[in-house]
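J.: Sequence first, then the predicted structure, then my questions.
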Amino acid sequence: MSKKILVLTGGARHGGNSQLMADAFVKGAKAAGHEVVRYDAGFKDIKGCIFCETCYQLGENKACSHDDVFNELAPYYEWAESLVIVTPLYWYTYTAQIKAALDKYYALMVAKRPQPIQEAYLITCGAGKDDYKYDAIINTHQLIAKDRGWNNLGCYHVNGVFHKGDLADKYLKELEEIGKGF
């Protein structure tokens, strides 16, 4: 069965390791017949939520009263059945852009907008070589999924990658297969 998948990326390096991971997952998911939208938050200037609770009060296409960039992402949140977050690890968690994009999901809740996301998956990589360095991002991912009632499909992470090209081809092949089996 075909799924509507939103792939939300947080890497801000063109051709960086997390971007390559997203490419591989998307390639596999599309090959499996899924509808995939990729939103590269890492290259956007998404502002953090200021908890004004004026979401959608300026019009149907104005999810956030203070952030036009988020207004382009919000419709994808209302479309997607699956959310796949692909991000490098920054200080044990998401990049600032991913965090802002996730915080702004609150707009849909305030305005009682459609929220069809039913499942979430996390793909991450980082320079840290110890698994414990990924505990915070994995726990945060699990808590968000639990809070939203999403089926947590788990996490795929690669340790010890820092420079562009540090990511071995075997990981990209695995992620392509994960995308195909999604």
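T.: Noted; the coordinates are in hand. Treat the numbers as computed from the prediction; the structure is a model and nothing was measured.

J.: in stretch 49-68, what counts as buried?
T.: Neighbour-count burial for stretch 49-68 flags 49, 55-56, 62-65, 67 (criterion: 16 or more other CB atoms under 10 Å). From N, CA and C alone the C-beta is placed, and that goes for glycine too.

J.: ok, which pair from these is furthest apart?
T.: The distance between the two most remote of the buried residues of stretch 49-68 (CB to CB) is 14.7 Å, for 49 and 62.

J.: returning to what we had before: out of the buried residues of stretch 49-68, which comes closest to residue 87?
T.: For the buried residues of stretch 49-68, the closest approach to residue 87 (CB to CB) belongs to residue 49, at 18.2 Å.

J.: Could you list which residues are in contact with that closest one?
T.: Contacts here follow CB atoms under 8 Å, 6 or more residues apart in numbering; on that basis residue 49 touches 64, 100, 103-104, 106-107.

J.: Next up, identify which helix or strand it is on.
T.: Using DSSP states H and E, residue 49 sits in no helix or strand.

J.: so where's the chain uncertain?
T.: In the predicted model of the chain, no residue satisfies pLDDT under 70.

J.: in it, which spans are helices?
T.: Assigned helices in the chain, in chain order: 17-31, 68-79, 96-103, 106-110, 135-148, 169-180 (criterion: DSSP state H).

J.: quick check, distance from the fourth one to the centre of its chain.
T.: The one in question is helix 106-110. Distance of helix 106-110 from the chain centroid (CA atoms, centre = their mean, to the nearest Å) equals 17 Å.

J.: The first one now?
T.: Shown here is helix 17-31, whose average C-alpha point lies 12 Å from the average C-alpha point of the whole chain (CA atoms, centre = their mean).

J.: before we move on, what about the third one?
T.: The chain centre lies 9 Å from the centre of helix 96-103; the measure is CA atoms, centre = their mean.

J.: what angle do that helix and helix 135-148 make?
T.: Per axes from the mean of the first three to the mean of the last three CA atoms, to 10 degrees, the angle that helix 96-103 makes with helix 135-148 is 20 degrees.
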